[in-house]
Structures are given as C-alpha cells and as structure tokens.
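K.L.:
Show me how the following folds:
(chains A, B, C and D)
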There are 2 protein chains.
Amino acid sequence: MNVATQATTHHGIREAIRARIVAGEWELGELIPGEADFAAQYACARTTVNRALQALAREGIVERKRKGGTRVRPLPLPQALLRIPIIRAEVEAMGQTYDHRIMRRERSIAPGEVAKRMQLAQNHELIHLETLHLADGHPFAFERRWVNPATVPEFEGADLTAISANEWLIRTVPFSRGEASLSAVSADADLARALEVAQGAALFTLERATWFDAQSVTFTRLHYHQGYRLNFEL
Amino acid sequence: MNVATQATTHHGIREAIRARIVAGEWELGELIPGEADFAAQYACARTTVNRALQALAREGIVERKRKGGTRVRPLPLPQALLRIPIIRAEVEAMGQTYDHRIMRRERSIAPGEVAKRMQLAQNHELIHLETLHLADGHPFAFERRWVNPATVPEFEGADLTAISANEWLIRTVPFSRGEASLSAVSADADLARALEVAQGAALFTLERATWFDAQSVTFTRLHYHQGYRLNFEL
DNA sequence: AACATGATTATGTATGCACATATTACCTTG
DNA sequence: CAAGGTAATATGTGCATACATAATCATGTT
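P.N.:
Here you go, the predicted model:
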C-alpha cells in the first residue's frame, strides 16, 4: 500500500500518518516511530515530519513528549473548533433580512450575579441594554447586555441603530479575551413576550464575558428563539 | 517599548506581534509589515516570523494572502476550541462518583429522523440504547443512542456495565469523524421521569453523529440535567 | 537498596537557502 | 481604451544543519 497522498509536503505526510493511525497500525497509547524514522520512510527531511506530527498533536490524535517520543492518544480527545456565530451574518446566511430593535437602554447597578461574572465590585454602575434581534421581522434572539463604562466610556453615546452593540464593541475593543458558557433556559414571562414563544419554552442560551487586558468590557446573555441549534464538526 | 517577550523563539515573536496588534498599532484590516520586515526588526530568520504569523492566522487574529501580505482581521473571528466533555471525567472532576444505568437495550428500526441523521436507508435496523448517567447517585444526563450493527457488529455482545457505550465505541472505533449540534429541549414525560425534573424543564442537549470512513457508527442524543452549563474560553 | 549523576535520546526550534505558488501591478498590444 | 500577457512580490514550503531542552536510562557511589 503506502500510497503517498501528495508528494512530500508536510500535510501530505500528515495525512499519510493519520491514515496509518486510523487504520489501526498502532495500538491506542502505543509509541509510533520517531521523526527520523518517518523521515527515512517518506524520504524527506525531519523538519517536515516534525510539522506533520505537531499538527496531529494539535488535533488531539497523538501525544508527544520530549524524550519518550510520540504515541497515539489513548483516548482521542473530542475537541472541535467552535465558530461562534455573529447574529447578523447567521440570519443573512439563511437568506433572511436582519434587523434589531433596542428595547431598553439605561444605566443601572449591576445585579449581583452579573457583577460576579464580570469580576466587579458590588454596586458598580453599568450600562444595561436589551436588544431583540429579528430575522425577516420575526424574533430570532433576545440579548441582555451589561457594558462597563469605566472601560468603554464612548459606549454611552454610541449610535446603535446602524450596527449592533456587539459589532460596535468588537470594532472598538477588538481583541478582548473572554469566557463563555452555553446552557438551556426556560423562558420567563419577559422572554416569552419578547421572543413570542410560550412561557417555559426551552431556549438555547449563550453567555459571554469579555475583558480587555484586566478590564471587564461586557457581559452578555443571548437567548435564541425556540428550536435553535448550533452545529459544528468534530 | 518593544520589550521582547522571549528571546527570538517563534512563539516569543508571535506574542510580541500579538501585543502590538492588540495595542492597536495597526488599524483593523490594515496591512502589517511583511515577514522580511519583522525578521529584520527582531533579528531572526524569516522562517521564524513565518511560523509566528501562521499561528496568529490560525487563531483568527490576522489574515494572510500570497501576494498582498498579512493584514489584521477586519473583525477578529470569534472562535474557540470546544472540548466536548466525557461524562465520566466531568462527574469525577466535580468530586462526585460516576455511575450509569442502562434503561433499555433493544434492536429496532431506526426512526425516520435518526436514519436521516445517520444517512441510512429507511427501515434500517439499529441497536437502540437508553442510558442514565448518575453523579453521586443523582441523574446527571440521559442518553439515547442508536448504534449501527453493520459497522460495529461486536457491539451487540458488548459488556456495558464496566464502561459506558460511549467509551466502548471510542475504544473500538477510535478515530471516527462526526457532526454535532447543541440545542435546548423541553423535557417530555419520559425525560422528566428519568432525570427527575419537572415536565417541560429546559434541558441542554448535545447530538452527535459519527462515521468511520463512510460508514455510520452511531447517533446520540444526550440531555443534561437542568441547569447544566458547558463552559469554554474565547 | 537508595540516591545522585551523567550519558543518551527524541522532540523543539532557529537558520539560510532554494524554489513553489498565488496574486497584484504594470505594460504591451490590438 | 480594453484585453491580455508578463514581471514583480509576499507568502508557502522543503531541506540540511546545528543546537536546545527535557526526560529517561544506565551507572556508580554511599
């Protein structure tokens, strides 16, 4: 066999080795040949094998340690690249018209839970925003957001009719890091009214807290309309 | 400033460039210096800069094109590495005792929706399995699974008391690829009884279909107990 | 037997070079 | 002026080499 997928490109070799692993040439947890061996087998430089094996390690297919070589992961770790959708793009990808409506916008004291998620002191004043995202005029998602004016003072006067708060913040504080969580939430009376679903409906929910440097930027809770699914590949 | 994070390692340079991007040295969408320029600035080889910039491209910080150079992503793409938890490990990580109980195990015709998700012909016979996962004896998640005996004939006689069906399949068909989706589902009568929650409770749900080569292996629908959250970092 | 020590080894990484490839920019030609 | 071809250019990639680093293994000493 041993049909080279490509010539001797690093990702040709990556696929060749992947195929051999998938075919079960080595047991789970077993040591596979060293870089030098593969280099000889495929008649290429060790550098090239190194790139291939590092890629497989990133994917969770193999485990590598300095001395002790490379081994097939005992249990391949189930990980996937999750692309968090931008609502506008998501709606437009379905061929529908995106729009959003700001339901509420005010300064208020951060609720205890929100302050905790943003790692702020109690009684911190935040800008609270409630937005309804629409697809072809129908409710698509409901967003509750708290923005820290200490970090983004310009937000107070921002015009959010053309672009959403999300896009405004991304443009203003582009490279903030964050934590997110996914969950299922029952629609309370407010949510049910806003999203036009029955009270108690199960809503897919995405929460996100973001920081720039050590400064809290924003915390969002996004409730999608009933029946929403977030798809991805493993 | 220009304080080198590390000597001239590719990931030292990666962080140095990332810092400059985050600090706003270049506009969103703006062209940043070429590999050769950076190599001169940091007194290292172009190869090293190449690795650094490729890593930033993988992260979604920059965009690169063959001629036309490297530019800061207009909108940094919100992506995250999602590690899909293995239930046993998840429960044990909370310091609780994991256990599972098989509620049902039978051969049956695949329901239409399941057959579709597994890309099988109608009236295909599958092994249907219902498992309740327990944490310290309390319901943690309820799993409905269909396994294709054409792909994994040994599954029929597998002993699923020691290890769960999930782990059995991972060990037997380790490197299968798949599609997954996350959603929120209302507990029906069966689910409510099994998970000991009120009927209509919002349940976080993970569906997964996996294939080995072109052969369908299994389709699972996993409903977590009320209040479950899946956390990850951005 | 326990422990410190150094040799060995596999991966990690930097470098200089050459060539491949995609895409833009420009210039020629009808 | 438009169409088309060609040169210039930035990234992509392979290779040979050298050295760095971490972990293991064997060795020898107390």
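K.L.:
Only C-alpha atoms from now on, for both contacts and neighbour counts.
P.N.:
Will do.
K.L.:
Pass me the low-pLDDT residue ranges in chain A, would you?
P.N.:
When residues are selected by pLDDT under 70, those of chain A lie in A:1-7.
K.L.:
At the contact with chain B, which residues of it appear?
P.N.:
Contact residues (Cα under 8 Å from any Cα of the partner chain) of chain A with chain B: A:22, A:75-85, A:170-171, A:174-175, A:177-186, A:200-204, A:226-234.
K.L.:
Drop anything exposed from these.
P.N.:
A:22, A:75-78, A:80, A:82, A:170, A:174-175, A:177-186, A:200-204, A:226, A:228-229, A:232, A:234 (16 or more other Cα atoms under 10 Å in any protein chain shown).
K.L.:
Alongside DNA strand D, which residues does chain A contribute?
P.N.:
Contacts of chain A with DNA strand D, taken as Cα under 7 Å from any atom of the strand, map to A:8-12, A:43-48, A:65-68.
K.L.:
of all those, which comes closest to chain B?
P.N.:
Nearest to chain B among those, counting by Cα to the nearest Cα, is A:T47 at 12.2 Å.
K.L.:
so how many other residues sit close to that closest one?
P.N.:
13 (other Cα atoms under 10 Å in any protein chain shown).
K.L.:
That one: helix or strand, and which one exactly?
P.N.:
A:T47 is part of helix A:46-59, with elements assigned from DSSP states H and E.
K.L.:
what does that helix contact?
P.N.:
Outside helix A:46-59, the residues that touch it by Cα atoms under 8 Å, 6 or more residues apart in numbering or on different chains are A:9-11, A:13-14, A:18, A:35-36, A:38-39, A:62-64, A:79.
K.L.:
What about those residues, which are in strands?
P.N.:
Among the contacts of helix A:46-59, the members falling in strands (DSSP state E) are A:62-64, A:79.
K.L.:
If any of those residues are buried, put those into a PyMOL selection.
P.N.:
Selection of buried members from the ones in strands among the contacts of helix A:46-59 for PyMOL, criterion 16+ other Cα under 10 Å:
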select buried, chain A and resi 62+63+64
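K.L.:
Taking the ones in strands among the contacts of helix A:46-59 together, which two end up most distant?
P.N.:
The distance between the two most remote of the ones in strands among the contacts of helix A:46-59 (Cα to Cα) is 17.4 Å, for A:R64 and A:Q79.
K.L.:
residue boundaries of the strands in chain A?
P.N.:
Using DSSP E, the strands of chain A run over A:62-64, A:70-72, A:79-83, A:98-109, A:125-135, A:138-147, A:177-186, A:202-212, A:215-224, A:229-233.
K.L.:
ok, now how distant is the residue nearest to A:P78 when sequence neighbours are not counted from B:N166?
P.N.:
In space, and not counting its chain neighbours, A:P78 is closest to B:I84: 5.5 Å by Cα to Cα, 6 or more residues apart in numbering or on different chains. Taking Cα to Cα, to the nearest Å as the measure, B:I84 and B:N166 are separated by 13 Å.
K.L.:
can I see the domain layout of chain A?
P.N.:
A:10-72, A:87-224 (automatic domain parsing).
K.L.:
a markdown table for these, including distance to B:E27?
P.N.:
As requested, the domains of chain A are arranged in a markdown table below (distance: least, Cα to Cα, whole Å):
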| stretch | distance to B:E27 |
| --- | --- |
| domain A:10-72 | 30 |
| domain A:87-224 | 10 |
